[in-house]
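Enquirer: Take a look and give me a structure for this.
(one chain, ligands or ions: 1)
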Amino acid sequence: MNPLVGSQIINNRYNYLFTQNTCLIIRDKIPAYILNIKWCKLLRQHPYLCKMTVKNDVSLKPYNTFGIDVKARYLIEINTVDELNEAVDFKNRNNLPFLILGGGSNVLFTKTFEGVVFLNRIEGLRVVEEDDEQVLLKVAGGMAWPRFVDYCVEKNLGGIENLSLIPGTVGAAPIQNIGAYGTEVKETVVEVEAVDLATGKIKTFSNEACRFGYRSSVFKTRSNRNYFITAVTFELKKNPVVNLSYAPLKHIFQNRDINTVSIAEVGNAVKQIRRSKLPDPDQIGNSGSFFKNPVVGINELEPLKKRYPEIPYFQVDRNSYKLAAGWMIEQCGRKGKRLGDAGVHDKQALVLVNHGNATGSDILDLAMMIKKSVNEKFGIELEFEVNIY
Ligand code: EPU
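Expert: Predicted coordinates for the structure are as follows:
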């Protein structure tokens, strides 16, 4: 039960009115007599009076692709930068920890979140600059990533078609530098606009300032977790050259002249490969790759190659090699196996799935068992790609 139910807090800018499951934040000071529960519904529909709603004790199940049923103490859907400012004001006044969620496709919840969840739902897209070669698009952080990719493919704007169908939002894409099928988002990001939730100030990060790496960026460091990404600017090509460097894509187009392959064809091929290997979160709960592929030096690779001549690896730079964690997990006999309702996907062992009623702890227990087996067999310490709360 929310202890604030029935209470009303008025500060210089807003009224907060707490009801059983929601808190209305109202832009102007309004005479107290109209702020009773009877009026809440009406107020919520009034654009000038009511800015946004804070939900209390809300299940996060619809907001994470693993489909884990845990609660958040408060949840606020942010549709505009103004609303973000109000939400920050609410968080500060109540001295709450916070968590920013986009599509919820890279998180595993293991317990109630005793703070406020900010859902990034800021939408919008505009052309910032354009010439014969390329276009700069500024895209709001809350837009669904797959919808943005489809938009670009439809307009024949190249650069992100290999990232088709990746769940999540535009704002989340730079945080872990999403990547698939030979492309990473860092290749097209020009700048990232974010609000520092500690100070409320807007900051723009150039591509360089984002310090992109394999599934990482400046936004993943502890001191930068305060940033709420409001928009990302992308540079897309008007006369795109497709990227078929990833072997399965190369294979699909092996009999074609690369210059005749359109980005729409590549986008469709990527969708086809993803659908054949990766589970659809709408059908079965999952967060894509649960683990990162480990990157090792030649000194670690050589003994592994001797023991396992068939081990897949890819050279990243002069002295680093990426190993395939999915392959190692499969070699440990874990592919397709279950621990209650927590499971390892049967077509891609890097992906853990929720077969129905798994809790976050069930999935985490399975992940820890996998980590232990891989370490025992290969001497490699796997790292989680998914963020655990
Ligand atoms: N493999 C196995 N068994 C498995 C899975 C993979 O033997 O169960 C082998 C494959 O045969 C291949 C190698 O491992 O030789 C690599 O597999 P795959 O091409 O499927 O890619 P991945 O390295 O396992 C990465 C990304 C995926 C991305 C694919 C395609 C990471 C952590 N994962 O997976 O990203 O879609 O490449 O580019 O880098 C995600 O991040 O959520 C994600 C799905």
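Enquirer: got the contact list for the closest residue to the ligand within the stretch 51-200 of the chain?
Expert: The minimum distance from the stretch 51-200 of the chain to the ligand, using CB to the nearest ligand atom, falls at Ala180 (3.7 Å). Yep, even glycine has a C-beta here, placed from its N, CA and C like the rest. Ala180 sits next to Asn162, Leu163, Ile166, Val270, Arg274 when contact means CB atoms under 8 Å, 6 or more residues apart in numbering.
Enquirer: Leu350 too?
Expert: Ser289, Phe290, Phe291, Asn293, Ala325, Gly326, Ile329 are the contacts of Leu350 under CB under 8 Å, 6+ apart.
Enquirer: and if you look at Lys337?
Expert: Residues near Lys337 by CB under 8 Å, 6+ apart: Gly343, Val344.
Enquirer: can the biggest helix by length in the chain be found next to the ligand?
Expert: With DSSP state H setting the assignment, residue counts place helix 360-378 as the longest helix in the chain. No - under the criterion of CB under 6 Å from any ligand atom, the ligand is not reached by helix 360-378; the shortest gap measures 11.7 Å.
Enquirer: Partner strands of the helix or strand just after that helix, with direction?
Expert: Using DSSP states H and E, the helix or strand that follows helix 360-378 in sequence is strand 387-388. Each strand that pairs with strand 387-388, with its direction, by DSSP bridges: strand 107-108 (parallel).
Enquirer: other SSEs contacting the longest helix of the chain?
Expert: strand 107-108, helix 325-331, strand 338-339, strand 342-344, strand 351-354 (3 or more CB pairs under 8 Å, 6 or more residues apart in numbering; DSSP states H and E).
Enquirer: Quick check: which of those is nearest to Lys372?
Expert: helix 325-331 (11.6 Å; CB to CB).
Enquirer: who in this structure is up against the ligand?
Expert: In this structure, the chain approaches the ligand at residues 180-181, 246, 277-278, 288-289, 292-293, 312, 324, 326-327, 330, 335, 348-350, 385, judged by CB under 6 Å from any ligand atom.
Enquirer: 5 Å instead?
Expert: Residues of the chain lying near the ligand by CB under 5 Å from any ligand atom: 180-181, 288-289, 293, 312, 324, 326-327, 330, 348-350.
Enquirer: What's the local residue count around Ala349?
Expert: Counted by other CB atoms under 10 Å, the residues lying close to Ala349 total 25.
Enquirer: confidence score at it?
Expert: The score at Ala349 is 98. That number is its pLDDT.
Enquirer: One more: the one 3 residues further on?
Expert: What the model reports as pLDDT for Leu352 is 98.
Enquirer: Identify the residues contacting stretch 262-278?
Expert: By CB under 8 Å, 6+ apart, the residues outside stretch 262-278 that reach it are 149-150, 153-154, 156-158, 161-165, 180-181, 240, 242-244, 248-249, 252-253, 286, 288, 345, 347-348, 351.
Enquirer: Pull out the buried residues from that stretch.
Expert: Neighbour-count burial for stretch 262-278, with 16 or more other CB atoms under 10 Å as criterion, is recorded at Ile263, Glu265, Val266, Gly267, Ala269, Val270, Lys271, Ile273, Arg274, Leu278.
Enquirer: Would you mind checking the average pLDDT for that stretch?
Expert: Averaged across stretch 262-278, the pLDDT comes to 97.
Enquirer: Over to stretch 114-126?
Expert: 96.
Enquirer: Which positions within it qualify as buried?
Expert: Burial within stretch 114-126, assessed by neighbour count using 16+ other CB under 10 Å, is assigned to Gly115, Val116, Val117, Phe118, Leu119, Asn120, Arg121, Ile122, Leu125.
Enquirer: Span of it from start to end?
Expert: With CA to CA, to the nearest Å as the measure, the ends of stretch 114-126 fall 37 Å from one another.
Enquirer: mind listing which of the buried residues of stretch 114-126 are in strands?
Expert: Restricting these to those inside strands, with DSSP state E as the criterion, leaves Gly115, Val116, Val117, Phe118, Leu119, Asn120, Leu125.
Enquirer: will you turn the residues you listed into TSV that also has distance to Met368?
Expert: Converted to TSV, these look like this (distance: CB to CB, whole Å):
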residue	distance to Met368
Gly115	25
Val116	29
Val117	25
Phe118	29
Leu119	29
Asn120	30
Leu125	41
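Enquirer: Setting aside sequence neighbours, what's the nearest residue to Met369?
Expert: Nearest residue to Met369 in three dimensions, chain neighbours excluded: Leu339, at 7.1 Å (CB to CB, 6 or more residues apart in numbering).
Enquirer: which residues touch His251?
Expert: His251 makes no contacts at all, as judged by CB under 8 Å, 6+ apart.
Enquirer: give me phi/psi at it?
Expert: Dihedral angles of His251 (phi, psi; degrees, to the nearest 10) stand at phi -60, psi -40.
Enquirer: quick one: secondary structure of the residue in the stretch 151-300 of the chain positioned nearest to the ligand?
Expert: When distances are taken as CB to the nearest ligand atom, the stretch 151-300 of the chain approaches the ligand most closely through Gly288, which lies 2.4 Å from it. At Gly288, secondary structure determined by DSSP: H, G, I helix; E, B strand; the rest coil is strand.
Enquirer: for it, what are its contacts?
Expert: Shown in contact with Gly288 (CB under 8 Å, 6+ apart): Ser105, Asn106, Ile166, Pro167, Leu278, Val351, Glu385.
Enquirer: Check Phe109 too.
Expert: Applying CB under 8 Å, 6+ apart, the residues near Phe109 are Leu60, Asn64, Phe66, Ile68, Val70, Gly360, Tyr389.
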